[in-house]
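Novice: Dropping a prediction and its sequence here:
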Amino acid sequence: MNGGRKVEFLVAGVQKGGTTALFEYLRDLPGLQLPDVKEAHFFDDEERVDWDRPDYAPYHGLFVDDGRIWGEATPIYSYWPNAVERIAAYNPAMKIILVFRDPIERAWSHWKMEYAKGKEKQPFQWCIREGRERLHSGDPSAPGHHRVFSYVERGFYGAQVKRLLSAFPREQCLFLRSEDLRDEPGAALRRVASLLEQTPPDSIAPRLVHAAREQYYPSQLLPADIRLLTQIYTADLTHFSQLTGIDLEDWRGSWTKSAASANAVK
């Protein structure tokens, strides 16, 4: 295992939460080494890795042994079943960073991404209602989960954090909001640098990456969608706030405003 070297930190979620921007920020820190390409997709690999006897050599092959700390960013890890447990088995001292976005905004952005890619053909309204049944048609090794159509399910942050904290001590985990990374990247990067025992940069130039593609979308985010998703997420987010200490009042306030102005969430 490369002289005992291991990956020491992960940006493990959430999809459409700002992980690409964080990945680019972290690449600028001189003490860290990240792969050239974001999303290694190792701990969610159900095809190439024998999880009874995992071979970590291909994973370590993404890095160069130059003395810097190894880390990578694959946001599906926080959602994919068994990924957190596999990470803990690999490195119990792993430091985990999660960036959370308002789950309704996240679901809408996720749908737009998949529609723009051509992987999604159905309107958003159907996808978050009847379309949730498609989760049962995904990877048979991960029943009830789907890599593409999990618009609603990836927003159950409380359940994800609970599972993470059952595998790792709280002091090895950092929970950020995408708004904080977007609006105050310097403060957010100082928290990340502290977790990773790195010197934070003197100044940070804000970055926005992977904004929704400008094109025609056959759906809008409607007030009925916001009301439905608010009902779906309320209990889980209460638990999420209790576990993380993250204040969610601005998310809840935006739902109320957006229900009155359906196009307010982009």
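Specialist: All right, it came through fine.
Novice: was I right about residue 12 contacting residue 100?
Specialist: No - using Cβ atoms under 8 Å, residue 12 is not in contact with residue 100; the gap is 11.5 Å. Glycine gets a C-beta too; all of them are placed from N, C-alpha and C.
Novice: tally of neighbours for residue 238?
Specialist: Residues near residue 238, counting by other Cβ atoms under 10 Å, number 12.
Novice: cool, and residue 58?
Specialist: When neighbours are counted by other Cβ under 10 Å, residue 58 registers 13.
Novice: Same question for residue 64.
Specialist: Residue 64 has 12 neighbours, counted by other Cβ under 10 Å.
Novice: Okay, and the beta partners of the closest residue in space to it that isn't next to it in sequence?
Specialist: Nearest residue to residue 64, sequence neighbours excluded (Cβ to Cβ, 6 or more residues apart in numbering): residue 33, at 6.7 Å. Note on residue 33: beta-bridge partners by DSSP bridges are residue 70.
Novice: now what about the helix or strand harbouring residue 193, what contacts it?
Specialist: Assigning secondary structure by DSSP states H and E places residue 193 in helix 185-195. Around helix 185-195, the neighbours that count as contacts under Cβ atoms under 8 Å, 6 or more residues apart in numbering are 9, 21-22, 25-26, 29, 95, 97, 174, 176, 180-181, 199-201, 203-204, 206-207.
Novice: residues of the following helix or strand past that helix that come out buried?
Specialist: Using DSSP H and E, the next helix or strand after helix 185-195 towards the C-terminus is helix 223-244. Of the residues in helix 223-244, 225-226, 228-230, 232-233, 236-237, 240-241, 243-244 count as buried by neighbour count, 16 or more other Cβ atoms under 10 Å.
Novice: next SSE after helix 223-244?
Specialist: helix 249-260.
Novice: Would you mind writing the CA trace of stretch 240-260 as CSV?
Specialist: This file holds the C-alpha atoms of stretch 240-260, laid out as CSV (Å, rounded to 0.1, in the frame of the first residue of the first chain):
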residue,chain,number,x,y,z
PHE,A,240,-29.9,17.0,10.5
SER,A,241,-29.9,20.4,12.2
GLN,A,242,-29.7,18.7,15.6
LEU,A,243,-26.7,16.5,14.5
THR,A,244,-24.7,19.2,12.8
GLY,A,245,-25.8,22.5,14.6
ILE,A,246,-26.5,24.0,11.2
ASP,A,247,-29.2,26.7,11.3
LEU,A,248,-31.8,26.0,8.5
GLU,A,249,-34.1,29.0,9.0
ASP,A,250,-32.9,30.7,5.8
TRP,A,251,-33.6,27.5,3.8
ARG,A,252,-37.1,27.2,5.3
GLY,A,253,-37.7,30.9,4.7
SER,A,254,-36.7,30.5,1.0
TRP,A,255,-39.2,27.7,0.6
THR,A,256,-42.0,30.0,1.8
LYS,A,257,-41.0,32.7,-0.6
SER,A,258,-40.4,30.4,-3.5
ALA,A,259,-43.8,28.8,-3.1
ALA,A,260,-45.2,32.2,-3.9
